[in-house]
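S.K.: compute the structure for the input listed below.
(4 chains)
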There are 2 protein chains.
Amino acid sequence: MSNEPAVEPRWLSDEEQFAWQCYLHATTLLEDHLDRQLQRDAGMPHVYYGLLVQLSRAPRRRMRMTELAQNAKITRSRLSHAIARLEKNGWVRRENCPSDKRGQNAYLTDEGMRMLEKAAPGHVAAVRAAIFDRLSPEQVGHLAEICQVMTEGLQPQGADLPWLR
Amino acid sequence: MSNEPAVEPRWLSDEEQFAWQCYLHATTLLEDHLDRQLQRDAGMPHVYYGLLVQLSRAPRRRMRMTELAQNAKITRSRLSHAIARLEKNGWVRRENCPSDKRGQNAYLTDEGMRMLEKAAPGHVAAVRAAIFDRLSPEQVGHLAEICQVMTEGLQPQGADLPWLR
DNA sequence: CCGACGTTGTTAAAATTTAAATAACTCTCC
DNA sequence: GGAGAGTTATTTAAATTTTAACAACGTCGG
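M.R.: Residues are numbered from 1 along each chain as shown, chains lettered A, B, ... in the order given. All right, here's what the predicted structure looks like:
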């Protein structure tokens, strides 16, 4: 009846354990810090700010809901709520997608653009102060590589094209 | 009336921009992944699991609320709610602190310990699969260094001893 | 001792996030 | 053409997190 293979799990080495601890501390502290900074200076959490940035970079400052959700790595449901809130602030508006009647575009209003331009310098400064002004260029490179490897593992390219694997 | 110094903000370089994007993707995907893994296999989010781990490593499997909150990098308020929930599961219990009548200890019950032992292998496997089995030992070292630097910036040692700075 | 001030932990209310269900639509295959 | 399967976005309810306020205790100086 034993359906457990009873393999001794491979625990983390001391180095790995230590790195994992560091990672958890750093990421939760940073997330927290940026959330507070943006809540204070822009009246929204970091995730919401990220949505505005995405929109601002998109052609005609608009994007399909699903695409936006994927880029921001959040669920469509969460995005729906978030956009609803940003609409209340007047920073984002919705419109029907011309080509797909199921679809919606979210677009950044002029007001939203202005708010973003006002908030961006402070946010960049916070990110700089927390990371890029503290790391050597080599470390920045390492960080990017490491994160790329992690992302690959968590979101194998072609994850949405399972028949290709 | 201009109280803004009107300094051109130092934007991120392309490398920094790229690294930042990678960082955000990787960290949100990992957080998400581990939350789901633990919700599925242990019926709780990652933060809660971390609390049980902390308690399991503490002497006599108990710890003061504030200390636990600090180690887990969460607010005391959030911890209160979390412990309340874990108490309902029977995994944690509270007790008055003998030496300070304001204080409370949270301690891990036997039942909680068993659940932790049951959940740990799967969680370690998930962490390995996402990170440590994908990174070289050098990269693990780099990650730890980078995160240490970040943590220093966000939580300068002596932050709770401001008179020493 | 007393009072001011800081600490510890909780609570209530509001905001956000997640999970599950649903409505509306598109696409493919017969 | 139309049934069935998948997609898109939203909604509802439950869970979690945040914010602000609070009660109770400890500490320190006068």
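S.K.: CA only for contacts and neighbour counts going forward, please
M.R.: Fine.
S.K.: read off the pLDDT value for residue A:157.
M.R.: The model reports residue A:157 with a pLDDT of 55.
S.K.: remind me which helix or strand residue A:31 belongs to.
M.R.: Using DSSP states H and E, residue A:31 sits in helix A:14-42.
S.K.: what is the subsequent helix or strand relative to that helix?
M.R.: Downstream of helix A:14-42, the first helix or strand assigned by DSSP H and E is helix A:46-57.
S.K.: what's the distance between the residue positioned nearest the centre of chain A and DNA strand D?
M.R.: Residue closest to the average C-alpha location in chain A (CA atoms, centre = their mean): residue A:72, at 4.4 Å. Separation of residue A:72 from DNA strand D (CA to the nearest atom of the strand, to the nearest Å): 13 Å.
S.K.: hang on, that residue packs against residue A:51?
M.R.: Yes - taking contacts as CA atoms under 8 Å, residue A:72 lies within contact range of residue A:51: 6.9 Å.
S.K.: distance from the chain centre to the helix or strand harbouring residue A:120, please.
M.R.: In the assignment (DSSP H and E), residue A:120 maps to helix A:110-127. Relative to its parent chain, helix A:110-127 has a centroid offset of 17 Å by CA atoms, centre = their mean, to the nearest Å.
S.K.: shaky segments in chain A?
M.R.: A:1-8, A:156-165 (pLDDT under 70).
S.K.: residue numbers of chain A in contact with DNA strand C?
M.R.: Neighbours of DNA strand C within chain A, by CA under 7 Å from any atom of the strand: A:44-45, A:47, A:74-75, A:77-78, A:81-82, A:85, A:99-102.
S.K.: out of the residues you listed, who's nearest DNA strand D?
M.R.: residue A:77 (3.7 Å; CA to the nearest atom of the strand).
S.K.: and the angle for the helix holding residue A:31 with helix B:110-127?
M.R.: 90 degrees (axes from the mean of the first three to the mean of the last three CA atoms, to 10 degrees).
S.K.: buried residues, helix A:14-42. List them.
M.R.: A:16, A:19-20, A:22-38, A:42 (16 or more other CA atoms under 10 Å in any protein chain shown).
S.K.: go on, stretch A:101-118?
M.R.: Neighbour-count burial for stretch A:101-118, counted by 16+ other CA under 10 Å, picks out A:104-109, A:112-113, A:116.
S.K.: same question for stretch A:123-133.
M.R.: Under 16+ other CA under 10 Å, the buried positions of stretch A:123-133 are A:123-128, A:130-132.
S.K.: likewise stretch A:64-71?
M.R.: Counting neighbours by 16+ other CA under 10 Å, the buried set in stretch A:64-71 is A:64-66, A:68-69.
S.K.: can that stretch be said to contact chain B?
M.R.: No - figure legend: stretch A:64-71 not in contact with chain B (CA under 8 Å from any CA of the partner chain); closest approach 8.6 Å.
S.K.: centre of the chain to that stretch, how far?
M.R.: Centroid separation for stretch A:64-71 versus its chain: 11 Å, with CA atoms, centre = their mean.
S.K.: pull that stretch out as PDB, backbone CA atoms only.
M.R.: Provided in PDB are the C-alpha atoms of stretch A:64-71 (Å, rounded to 0.1, in the frame of the first residue of the first chain):
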ATOM      1  CA  ARG A  64      -5.800  43.800 -24.300                       C
ATOM      2  CA  MET A  65      -6.700  42.700 -20.800                       C
ATOM      3  CA  THR A  66      -5.200  39.200 -21.200                       C
ATOM      4  CA  GLU A  67      -2.000  40.500 -22.700                       C
ATOM      5  CA  LEU A  68      -1.600  43.000 -19.900                       C
ATOM      6  CA  ALA A  69      -2.300  40.300 -17.300                       C
ATOM      7  CA  GLN A  70       0.300  38.100 -18.800                       C
ATOM      8  CA  ASN A  71       3.000  40.800 -19.000                       C
END
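S.K.: ok, residue A:34 - contacts?
M.R.: A:45-46, A:123, A:126-127 (CA atoms under 8 Å, 6 or more residues apart in numbering or on different chains).
S.K.: chain B: which of those residues is nearest?
M.R.: residue A:127 (8.9 Å; CA to the nearest CA).
S.K.: what distance do you get for the nearest residue to the closest one once chain neighbours are set aside to residue A:47?
M.R.: Closest residue in space to residue A:127, ignoring its immediate chain neighbours: residue A:34 at 7.7 Å, by CA to CA, 6 or more residues apart in numbering or on different chains. Distance of residue A:34 to residue A:47, computed by CA to CA, to the nearest Å: 10 Å.
S.K.: returning to that earlier point: of the residues of chain A next to DNA strand C, just the buried ones, PyMOL syntax please.
M.R.: To isolate the buried members of the residues of chain A next to DNA strand C in PyMOL, using 16+ other CA under 10 Å:
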select buried, chain A and resi 44+45+47+74
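S.K.: please produce JSON lines containing the residues of chain A next to DNA strand C, extended by secondary structure.
M.R.: Shown next, in JSON lines, are the residues of chain A next to DNA strand C (DSSP: H, G, I helix; E, B strand; the rest coil):
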{"residue": "A:44", "secondary structure": "coil"}
{"residue": "A:45", "secondary structure": "coil"}
{"residue": "A:47", "secondary structure": "helix"}
{"residue": "A:74", "secondary structure": "coil"}
{"residue": "A:75", "secondary structure": "coil"}
{"residue": "A:77", "secondary structure": "helix"}
{"residue": "A:78", "secondary structure": "helix"}
{"residue": "A:81", "secondary structure": "helix"}
{"residue": "A:82", "secondary structure": "helix"}
{"residue": "A:85", "secondary structure": "helix"}
{"residue": "A:99", "secondary structure": "coil"}
{"residue": "A:100", "secondary structure": "coil"}
{"residue": "A:101", "secondary structure": "coil"}
{"residue": "A:102", "secondary structure": "coil"}
